[in-house]
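Student: Predicted model, plus sequence, below.
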Amino acid sequence: MSAAENAEPLNLDWLDRQGEWGSDANPGKQGLTLDDIQIGTYGEVPDESDNMTGRPRGAMARAEAYRIGGYSVRSKQEIWLDNASFLYEEALQRQWSSATDVPWDSIEPLPDDIEQAECELATFLTEVEFVAGDVPSRWVAQMTPDYFEPRNVLLAQVMDEARHMDVFRKRALANGGGLMSATGGTAGVVGSIDLSRDFTEMSSRLHISGEGAVLTIFRMGELMAYNEAEKAMYRLCAQDEARHVAFGVMHMRYMAETAPERREEIECYLDEAERQILAGSQNPAGAQTESSQSLAILLGGGIDQYDEGIRKLMAIRRRQLTEYQKRVRSSGFGERFDNGRSPIHEMIAANAA
Amino acid sequence: MARKSKKQAEPANAQPIPKPNFGWMGRSNQWGTRVKPGKHGLRLGDLNVGIYGEIPEQWQDQTRNPRGAIPRKGVPPVGYPVRDKADLWADSAADLYEEAIQRRWAPATDIPWKSIKPLNEVSERAVCQVMTELSQYANCDIETISNWQHQMAYGYHEVKQYLATASFDSARMYEAFRKRALCNGGGLGLEAPGYVNRMILESRGGWSEAVTYLLLMRGTFMQTMLRYLEKYAHNEAERAIYGFALEAKARQMSYGLEHLQYSLAHDEERRSVMETLLFIGDRVWARELKDHVLREALAIVFAGGLDKAASEGMQIHKAMMTDCMQSYVDTCAWLGLPRNLEMMPPRITQYLVAARG
């Protein structure tokens, strides 16, 4: 820029082309949270977003700006949940490090059958965490920033899943074992999480049924952990997973309240999830899979106590199904358990000891 | 390793338990791995021992088979288009991933928001305008990284994992910039022109092309701008925001530049493609630089108000642009892509010529 250009007076026309003025958000006892900045027009979330330029919600639009946002998610009901800001702030506060927050030194050599079971389960869980990171990432890229609150929760989830994948790989390689057989249970199944063409469809499979089932396993971590490192690993993963499941429940509840015309469609997603994800090879506690056999060995205390382990695993399956039921009821779709549509009661009975 | 179960005893009062085959037992590509934590704990990079550290030039497996695990035959491919090491790799990815986790921050609680005091209206409007444009830069980071991350094969999980931290860092930036705009009696400003954003988002030639525009070009600009903003911050809160953003941006730049260096060294075609990309990108960037809005807002911030913005503020802006463009051409030269200033738009080279003159 030349000196002459420098000497030119400023244009300053932009001073009169700004968003709503006078926003004075104040930090509370939890700091300055996303909820604190939902003030005036900045807190008004449009039912339909016409923002195709990627501008922050509430900023003044430029008439000449290019339409660069190829956003497929532009409707609030497709993505919204009422507590996204809370879940995001909690995710930020509860970040942890698999390198330093897991007491790896507490791991001692284990009997070979136990170590193998641990490594097979870790291999499977690594695969599962791949799905749970990839799929939200794909959807994040398709969302208008007008709904940045849920988008930020999903970005936190992508981060969480990267850490989960990393912690299970670390466990597999930390105690004289190694990775074992991949199950392939997370790919290519009709109705799988990957194939969802709609965000709510994806969320119902990923958050409600898939991660819900894994959450129950993580919460049972005390029963299958052999040292403090494994206990910490499952406990920390469970706290993250609970947020992801809460996202799904709250989004589905919002959907139930605001889009009754989509109710039957969502019931169909749940039909499919109950048949496949909860019952099949994507569930670590599903019937007769590598991961369920591993779990039974870990729960029983060795391959010689496999039957005892299976009985404990059946109790976990019942708990998975019961917790799933509670989540679906909480999200506003509980009628399916009372009108005979859902096979969950039969599944619970089949897992009775 | 044990291979098969002993026959299971069946308690009399229980349902029969299906007989397991335990076919998975005894099957591992490499058993006996015992990675120990070091003084920084057990890091992702520490795991790269034996076959688990063998990172192939191409990863043909399109399933979610973890690197080093035994793949299952017959699994339908999920579809990962980015599966050449030259298209995404950087040796530092695992370390950057762990660093990002150790240096995590929360805008709600790690920024001393109460240190912000009312500014005169023009200064506040200038800060808010800068925050608006920075938010859009962070938004572009998020959309671009997320769009590519899920397309990358799991043979290179270190990169995918680092990128998970990178998009999360940009989410924090987006949040922190927005919070600053809305916490001191102001509001958001006018949206950015978006020419460079479009160019970045439309990088159809692959992740390396996106990295060229997002990190080499925009990244250099944003990093320089954050450095100057940190220097001329009005309060501790702004200084903290820019400081955290700079740390995250520095990691993104480290990954990006190392990736481009790796890519250029391992793909013979890439050099000429990148030269063309830079030729095109320079012109789009120059077009965006014509916009006076960000320039004026920065000048007001740097001058501490409107009075000296046209003189002192613009001089500081010019110094910032000189630093930025010098860094840009130096980095290009370091990558082995020396720029011919005569072929670059005057709106970019003017800063370099002025500095040399």
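Tutor: Good, I have the coordinates. Residues are numbered from 1 along each chain as shown, chains lettered A, B, ... in the order given.
Student: what residue ranges in the stretch 101-250 of chain A are flagged as low confidence?
Tutor: Within the stretch 101-250 of chain A, the stretches with pLDDT under 70 are A:186-191.
Student: ugh, typo on my part, it should be the stretch 1-150 of chain B
Tutor: Using pLDDT under 70, the stretch 1-150 of chain B drops low at B:1-16.
Student: which residues of it fall in helices?
Tutor: B:93-102, B:107-110, B:121-149 (DSSP state H, counting those that start in this stretch).
Student: The first one vs chain A: in contact?
Tutor: Read it as helix B:93-102. Yes: part of helix B:93-102 sits near chain A under the criterion Cβ under 8 Å from any Cβ of the partner chain, namely B:97-98, B:101-102. (Glycine included, C-beta is placed from N, CA and C.)
Student: same check, this time on stretch B:225-233
Tutor: No: judged by Cβ under 8 Å from any Cβ, stretch B:225-233 makes no contact with chain A; its nearest approach is 15.5 Å.
Student: buried stuff in that stretch?
Tutor: B:225-230, B:232-233 (16 or more other Cβ atoms under 10 Å in any protein chain shown).
Student: Can you add pLDDT and give those back as a markdown table?
Tutor: Output for the buried residues of stretch B:225-233, formatted as a markdown table (pLDDT from 0 to 100):
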| residue | pLDDT |
| --- | --- |
| B:225 | 98 |
| B:226 | 98 |
| B:227 | 98 |
| B:228 | 98 |
| B:229 | 98 |
| B:230 | 98 |
| B:232 | 98 |
| B:233 | 98 |
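Student: Make a markdown table from these and add distance to residue A:13 to it.
Tutor: As requested, the buried residues of stretch B:225-233 are arranged in a markdown table below (distance: Cβ to Cβ, whole Å):
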| residue | distance to residue A:13 |
| --- | --- |
| B:225 | 22 |
| B:226 | 26 |
| B:227 | 28 |
| B:228 | 24 |
| B:229 | 23 |
| B:230 | 28 |
| B:232 | 23 |
| B:233 | 26 |
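Student: mind listing which of these are in strands?
Tutor: When DSSP state E is applied, the buried residues of stretch B:225-233 are split such that none fall in strands.
Student: quick one on the thing from earlier: let's see if you can find the most crowded of the residues of helix B:93-102 next to chain A.
Tutor: residue B:97 (29 neighbours; other Cβ atoms under 10 Å in any protein chain shown).
Student: before we move on, back to that, out of the residues of helix B:93-102 next to chain A, which comes closest to residue B:91?
Tutor: residue B:97 (12.2 Å; Cβ to Cβ).
Student: Leaving out the residues flanking it, which one is nearest to that closest one?
Tutor: residue B:162 (4.3 Å; Cβ to Cβ, 6 or more residues apart in numbering or on different chains).
Student: which residues touch that neighbour?
Tutor: Residue B:162 makes contact with B:90, B:93-94, B:96-97, B:100, B:255, according to Cβ atoms under 8 Å, 6 or more residues apart in numbering or on different chains.
Student: Let's have the residues you listed in TSV, adding distance to residue B:242.
Tutor: Formatted as TSV, these follow (distance: Cβ to Cβ, whole Å):
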residue	distance to residue B:242
B:90	25
B:93	25
B:94	27
B:96	20
B:97	23
B:100	18
B:255	20
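Student: In terms of helices and strands, where is the residue most central in space within chain A?
Tutor: By Cα atoms, centre = their mean, chain A has its centre lying nearest to residue A:244, at 3.3 Å. For residue A:244, the host element (DSSP states H and E) is helix A:228-258.
Student: Around chain A, which positions in the stretch 201-350 of chain B sit nearby?
Tutor: Going by Cβ under 8 Å from any Cβ, the residues of the stretch 201-350 of chain B near chain A are B:201-202, B:292-293, B:296-297, B:299-300, B:306, B:309-311, B:314-315, B:318, B:321, B:350.
Student: before we move on, back to that, of the helices of the stretch 1-150 of chain B, which stretch is the most buried?
Tutor: helix B:121-149 (a mean of 25; mean count of other Cβ atoms under 10 Å in any protein chain shown).
Student: Tell me how many other residues crowd residue A:304.
Tutor: 16.
Student: Equivalent analysis for the one 5 residues further on, please.
Tutor: Around residue A:309 there are 26 other residues, counting by other Cβ under 10 Å.
Student: pretty sure it is touching residue A:295, no?
Tutor: Yes: between residue A:309 and residue A:295 a contact is recorded at 7.1 Å, counting by Cβ atoms under 8 Å.
Student: follow-up on the earlier one: going by neighbour count, list what's buried in whichever helix or strand comes after the helix holding residue A:244.
Tutor: Using DSSP H and E, the helix or strand that follows helix A:228-258 towards the C-terminus is helix A:263-276. Using 16+ other Cβ under 10 Å as the test for burial, helix A:263-276 gives A:266-267, A:269-270, A:272-274, A:276.
Student: related to what we said a few turns ago, what's the PyMOL syntax to select whichever of the residues of the stretch 201-350 of chain B next to chain A are buried?
Tutor: Only the buried entries of those go into this PyMOL selection, using 16+ other Cβ under 10 Å:
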select buried, chain B and resi 201+293+296+297+299+300+306+309+310+314+315+318+321+350
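Student: Run through the residues that contact residue 172.
Tutor: You didn't say which chain, so I picked chain A. So residue A:172 contacts A:118-119, A:122-123, A:126, A:178-180, B:33 (Cβ under 8 Å, 6+ apart).
Student: hmm, I had chain B in mind actually
Tutor: A:92, B:105-107, B:244, B:248.
Student: one more time with 6 Å
Tutor: Contacts for residue B:172 (Cβ atoms under 6 Å, 6 or more residues apart in numbering or on different chains) come out as residue B:107.
Student: element containing the residue most central in space within chain B, please.
Tutor: Centroid check for chain B by Cα atoms, centre = their mean gives residue B:252 as the closest residue, at 3.6 Å. Assigning secondary structure by DSSP H and E places residue B:252 in helix B:236-266.
Student: Can you mark which positions in that helix are buried?
Tutor: B:237-249, B:251-260, B:262-264.
Student: For that helix, the averaged confidence score.
Tutor: Per-residue pLDDT over helix B:236-266 has a mean of 98.
Student: ok and it relative to helix B:93-102, angle-wise?
Tutor: Angle between the axes of helix B:236-266 and helix B:93-102 is 170 degrees (criterion: axes from the mean of the first three to the mean of the last three Cα atoms, to 10 degrees).
Student: I'd like the next helix or strand past helix B:236-266.
Tutor: helix B:270-289.
Student: List the buried residues of that following helix.
Tutor: Residues B:270, B:273-275, B:277-278, B:281-282, B:284-286, B:288-289 are the ones in helix B:270-289 that count as buried (16+ other Cβ under 10 Å).
Student: Using JSON lines, please lay out those together with distance to residue A:252 and pLDDT.
Tutor: Formatted as JSON lines, the buried residues of helix B:270-289 follow (distance: Cβ to Cβ, whole Å; pLDDT from 0 to 100):
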{"residue": "B:270", "distance to residue A:252": "46", "pLDDT": "94"}
{"residue": "B:273", "distance to residue A:252": "45", "pLDDT": "96"}
{"residue": "B:274", "distance to residue A:252": "46", "pLDDT": "96"}
{"residue": "B:275", "distance to residue A:252": "50", "pLDDT": "97"}
{"residue": "B:277", "distance to residue A:252": "43", "pLDDT": "97"}
{"residue": "B:278", "distance to residue A:252": "47", "pLDDT": "98"}
{"residue": "B:281", "distance to residue A:252": "43", "pLDDT": "98"}
{"residue": "B:282", "distance to residue A:252": "48", "pLDDT": "98"}
{"residue": "B:284", "distance to residue A:252": "42", "pLDDT": "97"}
{"residue": "B:285", "distance to residue A:252": "44", "pLDDT": "98"}
{"residue": "B:286", "distance to residue A:252": "48", "pLDDT": "98"}
{"residue": "B:288", "distance to residue A:252": "41", "pLDDT": "97"}
{"residue": "B:289", "distance to residue A:252": "46", "pLDDT": "97"}
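Student: Nice, that's everything, thank you.
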